[in-house]
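A.B. asks: mind looking at a prediction? Sequence and model below.
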Amino acid sequence: MTIDLSKLSPNDAVAALRSYPRRFRSALSPITGDERIEEMAQQIGPDGESAVDQTAHLVRTWTVLREALRQIQVNDTPVVHGAVIDPAQRDWEAPVRETVASVLDQVDDEAAAFADAVAAVASGEWNRTASVAGGGTVTALEVVREAVQVGHDQLTAVEKTLAALRR
């Protein structure tokens, strides 16, 4: 489900990024110490991925997007990975088996690092662009909006997966 982020400001993006750890924690671990949650979060859902894998996918995507934002800020002619604008290129290697706790810690760390990176961008720098490997361009602001979109999409996927497994 796509949300309209065309009016999303950098400050709004910082707030959204900082909200994701709490929101993912609420979805993945609503009851502290409930051993059934870990088992359910590891089960493959109707879309072929577990909730833990979907969350790990988010962390990997944010890492690529945050690096793209950094490249746009420090290089005069940056070229970023195609996965920055093309979700089809976000096919990550099968991860080491994560736990709910480990993947939530990674969300905490990456969301904080990304929000800090966004907050550090000077207001006049948001229209800086990068070439995308394989064709196209992307601005710093578009990268940040994509990060918020991916957070939303992966949270929705996690919630749907867990809801389907509870039936």
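C.D. replies: Perfect, thanks for sending it.
A.B. asks: now Gln73: phi and psi?
C.D. replies: phi -80, psi -30 (degrees, to the nearest 10).
A.B. asks: need the per-residue pLDDT for it.
C.D. replies: For Gln73, the model assigns a pLDDT of 95.
A.B. asks: next: Met40.
C.D. replies: According to the model, Met40 carries a pLDDT of 89.
A.B. asks: hang on, it is in a helix, isn't it?
C.D. replies: Yes. Counting by DSSP: H, G, I helix; E, B strand; the rest coil, Met40 is located in a helix.
A.B. asks: check contacts around the residue sitting nearest the centre point of the chain.
C.D. replies: Centrality entry for the chain: nearest residue to the mean C-alpha point is Leu58, 3.8 Å, by CA atoms, centre = their mean. Residues counted as contacts of Leu58 (CB atoms under 8 Å, 6 or more residues apart in numbering) are 24, 107, 150-151, 154-155. Every residue, glycine included, has its C-beta placed from N, CA and C.
A.B. asks: and with 7 Å instead?
C.D. replies: 107, 150-151, 154 (CB atoms under 7 Å, 6 or more residues apart in numbering).
A.B. asks: can you tell me which of those residues comes closest to Ser50?
C.D. replies: Using CB to CB, the shortest approach to Ser50 within these belongs to Gln154, at 12.4 Å.
A.B. asks: where does this protein have low pLDDT?
C.D. replies: Along the chain, segments meeting pLDDT under 70 span 1-2, 31-34, 94-96.
A.B. asks: the strands in it, which residues?
C.D. replies: For the chain, applying DSSP state E gives strands covering 79-80, 129-132, 137-139.
A.B. asks: which of those strands sits closest to Ile3?
C.D. replies: strand 137-139 (18.5 Å).
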